[in-house]
Each structure stands twice: as structure tokens, then as C-alpha cells.
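Peer 1: only geometry, no sequence info:
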């Protein structure tokens, strides 16, 4: 569990992906590796999610997580398919406890102090701050960090490439998630050349920001 979270902290960006066609998983995995960002969060919003996670996990050269996990049944399907971390938009105690019991990192979503304390009481230490920009972005995260110095965050929601450095400069931010690196329309159309370019640009963004790069 610690190794996966450490790798996420090293990569610093997580492409959040909606896969409509499981047969695209192989080419998408190639785009991630070629682009220099071998990680993805496959959201459980389509019928292709489970098979896509399974195909990507079998490669062995990617960190693959499942996002938008709302139930323990979805969590089990994702874990059995090979997901290495689980992400949810909110904090459902049953899901958080179930995933942690199965030995995987669980990143529940929070926005308020009460939600942070609930997630902490369940054993979660890295939390998804969502929807980040809608809920005040960097300013809100700075305020939340005061009373919760040991909590780490992965902000997602409305974060653009231009905003990434301002988030990653914050010591409480482990990584940022975003869909701009692999847009659904490009994936659906099989435009893996364009996706590779976007992944490369994201990797270069980190390299160009010494204060946030590893």
C-alpha cells in the first residue's frame, strides 16, 4: 500500500479516464508509457471500466487505479481486476473500511472538516479534495491544512494545466488528478497520438516546474 502511494507522490499527476471501449486499453497504456506518465485512474462510469482495468493491470508497467467507486461491490470488481488503488468522490464508511480491509490504498473524497475527520476516523490518510476549483481550490486547501497537518490531499475537479503548479507547491498535496490529459472524446475516437502528446505535455509541465518536480 505504501509503495503505491509513494509512486503516486513521485509521478504527481493522475490522468482520470472514462473508458468507453475496453479494446482501447492496450493503446492507451502505450500512450501513458510513451508520454512519460505511467499511471491512470479508470473511473467506474462505463461498462468497459472493469475490463479496461484488467487489461492495463496485466501490463506490469503502469500504476492503475479505479475511480468513482461508490459501492463495496464495485470495489471488489475493481480490486479483482487488478486495481492498485481505489478513489471515491465522497466518504462512504462501508466502502472505505472494505477497501482498507482488503489491503489497498483508499482515497475517499472530502470537502469539509467534518468529512476529513470522518475519513481519518476510518483509517484514510490521503484524501481526494473534490471538486477542487468549485470549492475554493488552493485557498481552501491551505485553510484545511492548518487543523489537519498530517492529512495529504489529491485535488481533482476543474484543475487545468495552468493551475497544476499552484496546487503541487502545497506541501499537503500529494498529486493532482485531471481529465485533460486523456479526454473522453479522444479516447472514444481512438486518437492515441493526440493523447500521447497531451501526456507528454503534462510530464514536461512537471519538468519545467523545479519547485514541484521530484
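Peer 2: Cool, got the structure. None of these values were measured; they are calculated from a predicted model.

Peer 1: can you tell me the distance between the two ends of stretch 51-65?
Peer 2: Stretch 51-65 has its terminal residues 13 Å apart, counting by C-alpha to C-alpha, to the nearest Å.

Peer 1: tell me which residues of that stretch are tucked away?
Peer 2: Residues of stretch 51-65 classed as buried under the neighbour-count rule (16 or more other C-beta atoms under 10 Å) are 51-57, 59, 62-65. Every residue, glycine included, has its C-beta placed from N, CA and C.

Peer 1: And stretch 196-206, by the same measure?
Peer 2: Using 16+ other C-beta under 10 Å as the test for burial, stretch 196-206 gives 196, 198-200, 202-203, 205-206.

Peer 1: What is the nearest of those to residue 172?
Peer 2: residue 206 (18.0 Å; C-beta to C-beta).

Peer 1: Can you tell me the closest non-neighbouring residue to residue 150?
Peer 2: Distances taken as C-beta to C-beta, 6 or more residues apart in numbering place residue 125 nearest to residue 150, at 7.2 Å, with adjacent residues excluded.

Peer 1: got it, and residue 26?
Peer 2: residue 55 (6.2 Å).

Peer 1: Downstream of the helix or strand containing residue 95, the next helix or strand is which one?
Peer 2: Using DSSP states H and E, the element containing residue 95 is helix 93-101. Downstream of helix 93-101, the first helix or strand assigned by DSSP H and E is strand 106-107.

Peer 1: What average pLDDT does the helix or strand that that following strand is followed by get?
Peer 2: Following strand 106-107 in sequence order, the next helix or strand is strand 109-110 (DSSP H and E). Strand 109-110 shows a mean pLDDT of 98.

Peer 1: What is the most widely separated pair among the buried residues of stretch 51-65?
Peer 2: So, the buried residues of stretch 51-65 by C-beta to C-beta: farthest apart are 51 and 63, at 18.2 Å.

Peer 1: Can you list the buried residues in stretch 185-196?
Peer 2: Within stretch 185-196, the residues that qualify as buried by neighbour count (16+ other C-beta under 10 Å) are 186-187, 191-192, 194-196.

Peer 1: Could you measure from residue 83 over to residue 56?
Peer 2: Residue 83 sits 9 Å away from residue 56, going by C-beta to C-beta, to the nearest Å.

Peer 1: isn't the residue nearest to residue 150 right next to residue 148, touching?
Peer 2: No. Here residue 125 does not reach residue 148: they are 10.3 Å apart, not a contact under C-beta atoms under 8 Å.

Peer 1: Could you give me the buried positions within stretch 82-90?
Peer 2: Of the residues in stretch 82-90, those buried (16+ other C-beta under 10 Å) are 82-90.

Peer 1: got a list of contacts for that stretch?
Peer 2: Stretch 82-90 is contacted from outside by 4-5, 8, 41-42, 53-54, 56-58, 63-70, 75, 78-79, 95-96, 99, 104-110, 115, 128, 130, 154, 177, using C-beta atoms under 8 Å, 6 or more residues apart in numbering.
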